[in-house]
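Colleague: Fold the following.
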Amino acid sequence: MGTNLESVGLTSLEKILKGNVLFLQNPNMCYIGESEILWDKFEQNTIEQRFFTSGSYNLGNCINEGRVCDAQCQQIGCWGPGPEQCVECKNRKIGNKCVEDCDYENG
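Modeller: Now for the predicted structure:
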């Protein structure tokens, strides 16, 4: 609560077993998704668990400042800037990086 976070960087997150997700008073935060779709993927009990933001980000400002998910990320969202921060890749993944296509001739 109340930090200068700009992104959450939870690339290793697999599940949220109990409790809610809260982002409070983090006005510089972007990349956390404009809906609960991102968080539903990780919550164990989507009926009882919730995602809340208050004073944490303004999607319009994030878009205007270019602080949005990389083009290689699925619409579900990302944890921060760059193709290494995608929750899911739109096309392919090499190592921890989402890419448009594999270029087998050039490695």
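Colleague: Strands along the protein, start to end?
Modeller: Per DSSP state E, the chain carries strands over the ranges 21-24, 51-54, 92-94, 97-99.
Colleague: Any idea which of those strands gets closest to Cys73?
Modeller: Of all the strands of the chain, it is strand 97-99 that lies closest to Cys73, at 6.3 Å by Cβ to Cβ. C-beta coordinates here come from the backbone N, C-alpha and C atoms, glycine included.
Colleague: Which residue lies closest in space to Cys89, excluding its sequence neighbours?
Modeller: Spatial nearest neighbour of Cys89, excluding adjacent residues (Cβ to Cβ, 6 or more residues apart in numbering): Cys98 at 3.6 Å.
Colleague: re earlier: rebuild the strands of the chain as CSV, extending it with distance to Gly9.
Modeller: Below are the strands of the chain laid out as CSV (distance: least, Cβ to Cβ, whole Å):
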stretch, distance to Gly9
strand 21-24, 13
strand 51-54, 17
strand 92-94, 17
strand 97-99, 15
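Colleague: Highest average neighbour count across these: which stretch is it?
Modeller: Of all the strands of the chain, strand 97-99 carries the top mean neighbour count, a mean of 18, counting by mean count of other Cβ atoms under 10 Å.
Colleague: Go ahead and name everything in contact with it.
Modeller: The contact list for strand 97-99 (Cβ atoms under 8 Å, 6 or more residues apart in numbering) reads 70, 72-73, 83-84, 86, 89-93.
Colleague: What pairs with that strand, parallel or antiparallel?
Modeller: Using DSSP bridges, the strands paired with strand 97-99 are strand 92-94 (antiparallel).
Colleague: gap between the partner strand and the chain center?
Modeller: 17 Å (Cα atoms, centre = their mean, to the nearest Å).
Colleague: same question, stretch 68-84
Modeller: Distance, stretch centre to chain centre, for stretch 68-84: 7 Å (Cα atoms, centre = their mean).
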